[in-house]
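*Asks:* Show me how the following folds:
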Amino acid sequence: MSFTDRLVLWLHIGFAIFTIGPVTVAIMSTPRYIRKRNLVIVRYLYRTTMIFTMVSLGVLLFGLVLAGLKHDFSKPWLTVSMTLFVVAIVLLLLIIRDQHRAIAAMEDAEATAAEAAAEAQAAQAQAAQAQAAQAQAATPGQATEAETAPAAQPQAAAGQPGAETTAGEPAALPGPPVTAGTHLGHVERGRVATVGGVVTLIWLVILVLMVWNG
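*Replies:* Predicted coordinates for the structure are as follows:
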């Protein structure tokens, strides 16, 4: 084997070690942090997956150069390995898309939660101001009227639509809103986990073919 062959072989192995390993760890860790709603880590894993996916093309490039130098293109195992590698790259692109969608969904969920918290604080502040204003404006005569007001309120509320409740049963309180982002995050998490497992299996098959026939 010439010096050029050895150099290309070591570059091929080096790209395989330092790109396939990190990208596999990144895609397999993504579902866990989507479940934890850790937006910072998911963004980091998204960038890691995207960068190492592009760099991993060097594995295919130097593999093709090495096969050309050794005239191995006619061997079936090499054709299978290259085909599987291309399939793995396509699946990685789908994972990158799903990671991006999960990040967008988590950002929407955080924005919605922040808006809801701000509206709740504003409503509490307005209620506190209204109570303080009523307490300051209260007079003995008004206090007498305020004592008789609660008795008339149930009768007035009975005429309003949607106010009917069963006797002895409290009115149902609205639950927390279920945003589309929360649902989408679960969907994308499942896709990343499934496709990531397929990609890892493809890497193992390629590795076995290379070691067995190398």
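*Asks:* Tell me how far the residue nearest the centre of the chain lies from residue 69.
*Replies:* Central residue of the chain (C-alpha atoms, centre = their mean): residue 102, 2.9 Å from the mean position. Counting by C-beta to C-beta, to the nearest Å, the gap from residue 102 to residue 69 is 42 Å. Yep, even glycine has a C-beta here, placed from its N, CA and C like the rest.
*Asks:* Centre of the chain to the longest helix anywhere in the chain, how far?
*Replies:* Using DSSP state H to define each element, the chain has its longest helix at helix 76-137. Chain-centre distance of helix 76-137: 7 Å, with C-alpha atoms, centre = their mean, to the nearest Å.
*Asks:* Check which helices and strands it is in contact with.
*Replies:* helix 21-35, helix 39-55, helix 57-70, helix 180-213 (3 or more C-beta pairs under 8 Å, 6 or more residues apart in numbering; DSSP states H and E).
*Asks:* So residue 80 sits against residue 208, correct?
*Replies:* No: the pair residue 80 / residue 208 is not scored as a contact, 10.9 Å apart, by C-beta atoms under 8 Å.
*Asks:* related to what we said a few turns ago, what number of residues are in the vicinity of the residue nearest to the residue nearest to the centre of the chain when sequence neighbours are not counted?
*Replies:* Among residues not flanking residue 102 along the chain, residue 188 sits closest, at 3.9 Å (C-beta to C-beta, 6 or more residues apart in numbering). Using other C-beta atoms under 10 Å, residue 188 has 25 neighbouring residues.
*Asks:* Let me know whether residue 188 touches residue 99 as I believe.
*Replies:* Yes: counting by C-beta under 8 Å, residue 188 touches residue 99, with 7.4 Å between them.
*Asks:* which neighbours do the two share?
*Replies:* With contacts defined as C-beta atoms under 8 Å, 6 or more residues apart in numbering, no residue is shared by residue 188 and residue 99.
*Asks:* before we move on, the earlier item: which residues touch the residue nearest to the centre of the chain?
*Replies:* 30, 34, 42, 184-185, 188-189, 192.
*Asks:* again, only using 6 Å
*Replies:* By C-beta atoms under 6 Å, 6 or more residues apart in numbering, the contact list for residue 102 reads 34, 185, 188.
*Asks:* Between those residues, which has the least confident prediction?
*Replies:* Among the contacts of residue 102, residue 185 carries the lowest pLDDT, at 72.
*Asks:* quick one, what contacts that residue?
*Replies:* 34, 102, 105-106.
*Asks:* Spatially nearest residue to it (excluding sequence neighbours)?
*Replies:* residue 105 (4.7 Å).
*Asks:* The one you found: neighbour count?
*Replies:* 22.
*Asks:* Could you do residue 7 as well?
*Replies:* For residue 7, the number of neighbouring residues by other C-beta under 10 Å comes to 13.
*Asks:* Put together JSON lines for the helices and strands packed on helix 76-137, with distance to residue 11 on each row.
*Replies:* Converted to JSON lines, the helices and strands packed on helix 76-137 look like this (distance: least, C-beta to C-beta, whole Å):
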{"stretch": "helix 21-35", "distance to residue 11": "16"}
{"stretch": "helix 39-55", "distance to residue 11": "12"}
{"stretch": "helix 57-70", "distance to residue 11": "5"}
{"stretch": "helix 180-213", "distance to residue 11": "15"}
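*Asks:* Thanks again, I'm all set now.
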